[in-house]
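Engineer: sequence-free structure coming up:
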C-alpha cells in the first residue's frame, strides 16, 4: 500500500465545504502533506452523505479520484477478519466502518499518520497496543 497519510472523512468534508469550521486548517494540512493521499471507500461513502446538500463538493470528491489526488489502495474484502475484530473491540466507542478500515490501513503502512478530526482515533490502537500518529487539530 502506498502513502503515509491516511485521510478520514472529517478533513475531506472540511476541504470541500468552505463553511466548515476546519476548512482552512484542512487546506493548510493537505498542502503540507501533498497529494496523493490514501483513503478507503467507507470514508467516501460518509463524505458523500455529509456533502449531500453540496452537489459541487460531491463532484469534487469524484474529481480528486479521477485526477489521482485521492487513492484507494485498501480493499475491505481482503481484511474482513481484522476489520471485524476492530469493530468488535471498539463497539463501545462506537467505531464506524471507515474508522476500522483506517486503523487497519495504519497497521499495514509503517510510519503512517491518520489525517482526521475524530478524537476517537486517540482511543484506537493499531496492533492492539500502539497509539496511531494523528494529524488532528489541537482542539480535538
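Structural biologist: Sure thing, it's come through. Note that the coordinates shown come from a computational prediction; the quantities given were computed from them, not determined experimentally.

Engineer: wait, what's in contact with residue 40?
Structural biologist: Residues near residue 40 by C-beta atoms under 8 Å, 6 or more residues apart in numbering: 72, 74, 76, 98, 101-102, 105. Any C-beta I mention is one placed from the backbone N, CA and C, and that applies to glycine too.

Engineer: State the distance from residue 131 to residue 48.
Structural biologist: Distance of residue 131 to residue 48, given as C-beta to C-beta, to the nearest Å: 30 Å.

Engineer: same deal with residue 109?
Structural biologist: Applying C-beta to C-beta to residue 109 and residue 48 gives a distance of 24 Å.

Engineer: Neighbour count for those two, which is higher?
Structural biologist: Ranked by neighbour count (other C-beta atoms under 10 Å), residue 109 and residue 48 place residue 109 first, with 19 against 15.

Engineer: got a list of contacts for stretch 126-140?
Structural biologist: Stretch 126-140 has contacts (C-beta under 8 Å, 6+ apart) with 5, 22, 25, 29, 33, 89, 103, 106-107, 111-119, 121-122, 124-125.

Engineer: Restricted to helices, list these.
Structural biologist: Here DSSP state H is the test, and the contacts of stretch 126-140 give 25, 29, 33, 89, 103, 106-107 as lying in helices.

Engineer: Could you count how many residues lie near residue 80?
Structural biologist: Applying other C-beta under 10 Å, I find that residue 80 has 10 neighbouring residues.

Engineer: Residue 71 now?
Structural biologist: Residue 71, neighbours per other C-beta under 10 Å, totals 17.

Engineer: That one against residue 38, yeah?
Structural biologist: Yes - under the criterion of C-beta atoms under 8 Å, residue 71 makes contact with residue 38 at 5.0 Å.

Engineer: sorry, back to before: now the contacts of residue 40 in a markdown table, with distance to residue 60, secondary structure and neighbour count?
Structural biologist: Formatted as a markdown table, these follow (distance: C-beta to C-beta, whole Å; DSSP: H, G, I helix; E, B strand; the rest coil; neighbours: other C-beta atoms under 10 Å):
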| residue | distance to residue 60 | secondary structure | neighbour count |
| --- | --- | --- | --- |
| 72 | 16 | coil | 13 |
| 74 | 21 | coil | 22 |
| 76 | 24 | helix | 14 |
| 98 | 19 | helix | 20 |
| 101 | 22 | helix | 25 |
| 102 | 21 | helix | 31 |
| 105 | 23 | helix | 22 |
